[in-house]
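Visitor: 3D, please:
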Amino acid sequence: MGSTRHCHACGREYALPGLPGRSETCDGCGADLKVCLNCVSYEPRVAYQCRDRRADPVAEKQAANFCEYFDFVRREWTARPASGQREQAARDVLKKLLED
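Guide: Down below sits the predicted model:
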């Protein structure tokens, strides 16, 4: 499975050529597509969560913005577990660790 471009919220593949416009939204969930969370420069561990030092800081990483350095990240989408499943998995690991 190759790397493709996906919506940050639901994982639906963005198959159109080129980059999404500022007002373009996901056909699956309606989330904005030209957002920091879909950009190759997004990195939660650096200043302003952006590796591109030329870009202006953006406060809402999930909201559409005017960044001229946006480039849609290509990745292999892995669905995030629902919060209840994640909590249960953590409890199971803890029980196994404590041998309960």
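Visitor: how close does the residue most central in space within the chain get to Cys50?
Guide: In the chain, the centroid-proximal residue (Cα atoms, centre = their mean) is His8; its distance is 3.5 Å. Distance, His8 to Cys50, by Cβ to Cβ, to the nearest Å: 15 Å. To be clear about C-beta, it is placed using only N, CA and C from the backbone, and glycine gets the same treatment.
Visitor: over to Cys7?
Guide: 20 Å.
Visitor: for this protein, which segments count as strands?
Guide: Counting by DSSP state E, no segments of the chain form strands.
Visitor: what ranges does it have for its helices?
Guide: For the chain, helices defined by DSSP state H occupy the ranges 83-98.
Visitor: shaky segments in it?
Guide: Residue ranges of the chain with pLDDT under 70: 1-2, 79-84, 100.
Visitor: how does it look with 90?
Guide: Filtered on pLDDT under 90, the chain yields the residue ranges 1-3, 10, 47, 75-100.
Visitor: excluding chain neighbours, give the residue nearest to the residue nearest to the centre of the chain in space.
Guide: Nearest residue to His8, sequence neighbours excluded (Cβ to Cβ, 6 or more residues apart in numbering): Leu37, at 3.8 Å.
Visitor: my guess is the one you found contacts Lys61. True?
Guide: Yes. Counting by Cβ atoms under 8 Å, Lys61 is a contact partner of Leu37 at 5.3 Å.
Visitor: need the phi and psi values for the nearest residue to Ala55 once chain neighbours are set aside.
Guide: Counting by Cβ to Cβ, 6+ apart, Tyr69 is the residue found nearest to Ala55 once chain neighbours are left out, at 4.9 Å. Tyr69 adopts backbone torsions of phi -100, psi 10, taken as degrees, to the nearest 10.
Visitor: show me the contacts for Tyr69.
Guide: Under the criterion of Cβ atoms under 8 Å, 6 or more residues apart in numbering, the neighbours of Tyr69 are 39, 41, 52, 54-55.
Visitor: check these and tell me the two furthest apart.
Guide: Largest separation among the contacts of Tyr69 by Cβ to Cβ: Cys39 and Arg54, giving 12.9 Å.
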